[in-house]
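In: got a sequence here, can you model it:
(chains A and B)
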Amino acid sequence: MAVARHAVLIAVATMFLAPFVFVVLTALMTDAQAVTPSFWPRPFQWVNFPEVFRRIPLLTYAWNTTQIAVGSTIGILVSCIPVAYALSRMRWRGRQVAFVLVLATLMLPFQVTVVPLYIIWVRLGQIGHLTPLILPSFLGDAFSIFLLRQFFLTIPEELSDAARVDGASEFQIMTRVIMPLAKPAIAAVALFNFLYNWNDLFAPLLFLGNNQEVWTLTIALSEFQQRHGTEWNLTMAAAILFMLPVILLFFLAQKVFVEGVTLTGVKG
Amino acid sequence: MSPWIAGFSFLILYPMVSTLYFSFTKYTLLSPPTWIGLENYRLLFTRDPFFWLAIRNTVWIIVIGVPLRIAFGIFTAWLLTLPQHGSRVYRTLYFLPSMAPPAAAALAFVVVFNPGFGPINQILRGLGWHNPPLWFYGPGSSKWGLVLLALWGIGDAMIIFLAGLLDVPRQLYEAADIEGASGRQKFRYVTLPMISPVIFFSLVIGVIQGFQLFTQAYVVSLAVTGSTVADAAENLGSPQGSLLFFSVFLFEQGFQNFRMGYASALAWILFAITMICTLAIIRGSRRFVHYQGGGFR
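Out: Numbering: from 1, shown residues only, chains lettered A, B, ... in the order given. Reported below is the predicted structural model:
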């Protein structure tokens, strides 16, 4: 029985892994071999990876993408932690109304508000700059606020009261008591935002589309194979180079991911 | 609180109101908006075949993709509850594809499902299917390719279902065993009701995300037509319009053709759909969803 179970589990695992294996093998083939049905690279052409760097300014794109992903993640944390704190650990008039507003915007797709935002950035002359992709994060994000608030609520009120008795200000309570205890939630919010911005295509295409110098990795990857005459081996090598940092991040922070995803779904 | 209030009005409230205004105008960015009343909506609903194509494609991918993702998510999560040893390794492996960036994953699938040299069709031919689908290169099968891509990246949904399954109290299964319930009955009368909040959550998120589907469709359309970002406009939705989804259409109208008024009308239609879905959460969760300890958490 146990053997049968593991057989099924392994079969499904193979299905999940096979595309990765095929992509890696294709990335190591010659240009000519990549479009044949053969499976095993002959010869193993490792130069495909340096070749990708030669074809496109990959490091520039990676730097642009990093600026956006890190910049907006910092923005999200700076703006959302205080709001989540105020919504969960302080009592003030209008708190419920403010929370309902957060909930109302929680599910709103970016596409709904994008036209006027685009027009604003056109007027400010920021199309083709990274600003429209970083700055709005400093004004908060409903999903991150919601997630942090839910977590802050689980921290016992007595801890805050004890700090208040000792004369701590609300800001001190937030930074010295709540934030250390909420590390898992803060890490999850940071990771989700980093990944979202690292992977996003819609917004970068909109705000950066015409200025190749500020392109992100996603934009470059979306047209990589067309620029270079359908060389699938190089395209797959580029795709691997794009996946690699994210996969590494996943292995480094696996626990945060799994707990974070759970936090988004079950407590919703 | 104040930065968020500022953000809310700057990023949400103002854009929503002005989107509504723009949706009643003709606006190309080059000249100021001119009022044309309901003309954009009239055009969309009665004259624009691409609008209905985009709606049909989007509804197709949601109706087929979302239930399959939920079923597959429950199945893989259930598999992960089976082993006594090594479940962490399996969990990591099953979750891994969902970490692949959507653009890279879409390109990978274009190659894996390539009708000529991709391994999938070679296997299908080996199994005796002489004319396997063209997948991303054929209008009849391209959306199935995207559905399979979404199933490959089941990880995020799977983890949520796994947490739901592990949350079901052991005693309920023990009680069912004493009553002599079969495995199927236990699944139908214990597991399903207990994880219904998670199913409902996935359903609503799935519908809303379906209307935002963009990256994978854009990347596939560029890859199969061999076009660049600069000349993407005429090839969006390829092959043959089969991947023209709602967000792709909105992107094309607003930011390739710069028909801002038209795109605003599309945005408000999207807003209406999103609102209906969000209301469905609140109503539906009361009616169909069983909450442990009762009430809406």
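
In: which parts of chain B are strands?
Out: Assigned by DSSP state E, chain B shows strands spanning B:25-26, B:34-35.

In: let's have the ones you listed in JSON lines, adding mean neighbour count.
Out: Every C-beta, even on glycine, is put in place using the N, C-alpha and C of the backbone. Output for these, formatted as JSON lines (neighbours: other C-beta atoms under 10 Å in any protein chain shown):
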{"stretch": "strand B:25-26", "mean neighbour count": "18"}
{"stretch": "strand B:34-35", "mean neighbour count": "10"}
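
In: between these, which gets nearest to B:Met99?
Out: strand B:25-26 (42.7 Å; C-beta to C-beta).

In: A:Arg91 in helix, strand or coil?
Out: The three-state label given to A:Arg91 by DSSP: H, G, I helix; E, B strand; the rest coil is coil.

In: circling back to that earlier point, any idea which of the strands of chain B gets closest to B:Ile154?
Out: Nearest of the strands of chain B (C-beta to C-beta): strand B:25-26, 42.8 Å.

In: how distant is that closest one from the center of its chain?
Out: 30 Å (C-alpha atoms, centre = their mean, to the nearest Å).

In: which other residues reach that strand?
Out: B:33-36, B:39-40, B:261, B:264 (C-beta atoms under 8 Å, 6 or more residues apart in numbering or on different chains).

In: burial measure for B:Thr191, as a count.
Out: Other residues lying near B:Thr191 total 19 when counted by other C-beta atoms under 10 Å in any protein chain shown.

In: now, which of the contacts of strand B:25-26 sits nearest A:Ile10?
Out: For the contacts of strand B:25-26, the nearest to A:Ile10 is B:Ser264 (51.5 Å; C-beta to C-beta).

In: need the buried ones from the contacts of strand B:25-26 selected in ChimeraX.
Out: Listed next is the ChimeraX selection for buried residues among those, using 16 or more other C-beta atoms under 10 Å in any protein chain shown:
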select /B:33,40,261,264
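
In: make CSV from the contacts of strand B:25-26 and add distance to A:Asn197 and pLDDT to it.
Out: Listed next are those as CSV, based on distance: C-beta to C-beta, whole Å; pLDDT from 0 to 100:
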residue, distance to A:Asn197, pLDDT
B:Pro33, 31, 91
B:Thr34, 36, 91
B:Trp35, 37, 94
B:Ile36, 37, 93
B:Glu39, 37, 92
B:Asn40, 32, 93
B:Gly261, 29, 94
B:Ser264, 25, 95
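
In: contacts with chain A among the contacts of strand B:25-26, please.
Out: B:Ser264 (C-beta under 8 Å from any C-beta of the partner chain).

In: pipe the strands of chain B into TSV and attach distance to A:Ile127 per row.
Out: Converted to TSV, those look like this (distance: least, C-beta to C-beta, whole Å):
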stretch	distance to A:Ile127
strand B:25-26	21
strand B:34-35	23
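
In: of all these, which lies closest to A:Asp200?
Out: Of all the strands of chain B, strand B:25-26 sits nearest to A:Asp200, with 28.7 Å by C-beta to C-beta.

In: list the strands paired with the closest one, with their directions.
Out: Its sheet considered, strand B:25-26 pairs with strand B:34-35 (antiparallel) by DSSP bridges.

In: where do the helices of the stretch 101-250 of chain B begin and end?
Out: For the stretch 101-250 of chain B, the helices defined by DSSP state H, counting those that start in this stretch cover B:102-112, B:119-126, B:142-152, B:155-167, B:170-178, B:183-186, B:192-210, B:215-225, B:246-251.

In: report the buried residues of stretch B:63-83.
Out: Buried, per 16+ other C-beta under 10 Å, within stretch B:63-83: B:65-66, B:69-70, B:72-74, B:76-77, B:79-80, B:83.

In: would you tell me which one of those residues comes nearest to B:Ala54?
Out: Of all these, B:Ala54 sits closest to B:Gly65, with 15.7 Å by C-beta to C-beta.

In: just give the nearest non-adjacent residue to the closest one, would you?
Out: Leaving aside its sequence neighbours, B:Gly65 sits nearest to B:Val147 (C-beta to C-beta, 6 or more residues apart in numbering or on different chains; 4.8 Å).

In: quickly, which of the helices of the stretch 101-250 of chain B bottoms out on average pLDDT?
Out: Among these, helix B:192-210 carries the lowest mean pLDDT, a mean of 87.

In: any idea how far B:Gln253 lies from chain A?
Out: Using C-beta to the nearest C-beta, to the nearest Å, one gets 10 Å for the distance from B:Gln253 to chain A.

In: tell me the pLDDT at that residue?
Out: Looking at B:Gln253, its pLDDT stands at 94.

In: wait, it sits on B:Leu266?
Out: Yes: under the criterion of C-beta atoms under 8 Å, B:Gln253 makes contact with B:Leu266 at 6.5 Å.

In: out of those two, which sits in the busier spot?
Out: B:Leu266 (28 against 24).

In: for the closest residue to that one other than its chain neighbours, give me its contacts.
Out: Spatial nearest neighbour of B:Leu266, chain neighbours left out: B:Leu250 (4.6 Å); criterion: C-beta to C-beta, 6+ apart. Neighbour list for B:Leu250: A:111, B:263, B:266-267, B:270 [criterion: C-beta under 8 Å, 6+ apart].

In: out of those residues, grab the one that's most surrounded.
Out: Top of the contacts of B:Leu250 by neighbour count (other C-beta under 10 Å): B:Leu266, with 28 neighbours.

In: would you agree that residue is in contact with B:Phe45?
Out: No: in this structure, B:Leu266 is not within contact of B:Phe45 by C-beta under 8 Å, at 11.4 Å.

In: overlap in contacts of the two?
Out: Common neighbours of B:Leu266 and B:Phe45, using C-beta under 8 Å, 6+ apart, are B:Phe51.

In: hmm, B:Phe117 and A:Thr36 touching each other?
Out: Yes: contact criterion C-beta under 8 Å: A:Thr36 and B:Phe117 qualify, at 5.8 Å.

In: would you mind listing what in the stretch 51-200 of chain A touches chain B?
Out: A:79-80, A:82-83, A:86-87, A:98, A:101, A:105, A:107-119, A:122, A:136, A:138-140, A:145, A:198-200.

In: do I have it right that B:Gln163 meets A:Thr262?
Out: To be clear, residue B:163 is Ala; Gln isn't right here. Yes: taking contacts as C-beta under 8 Å, B:Ala163 lies within contact range of A:Thr262: 4.3 Å.

In: what are the buried residues along the helix or strand containing A:Ile10?
Out: For A:Ile10, the element it lies in under DSSP states H and E is helix A:2-27. For helix A:2-27, the neighbour count (16+ other C-beta under 10 Å) marks A:6, A:9, A:12-13, A:16, A:19-20, A:22-23, A:25-27 as buried.

In: also stretch A:195-214?
Out: A:195-209, A:212, A:214.

In: quick one: furthest residue from the center of chain B?
Out: The outermost residue of chain B, judged against the average C-alpha position, is B:Ile178 (41.0 Å), by C-alpha atoms, centre = their mean.

In: okay, which residue is most central for chain A?
Out: Most central in chain A (C-alpha atoms, centre = their mean) works out to A:Leu195, at 1.3 Å.

In: host element of that one?
Out: Here A:Leu195, judged by DSSP H and E, is contained in helix A:183-199.

In: what about the closest residue to chain B within the stretch 51-200 of chain A, how many residues close to it?
Out: Of all residues in the stretch 51-200 of chain A, A:Leu139 sits closest to chain B, at 2.7 Å by C-beta to the nearest C-beta. Using other C-beta under 10 Å, A:Leu139 has 20 neighbouring residues.
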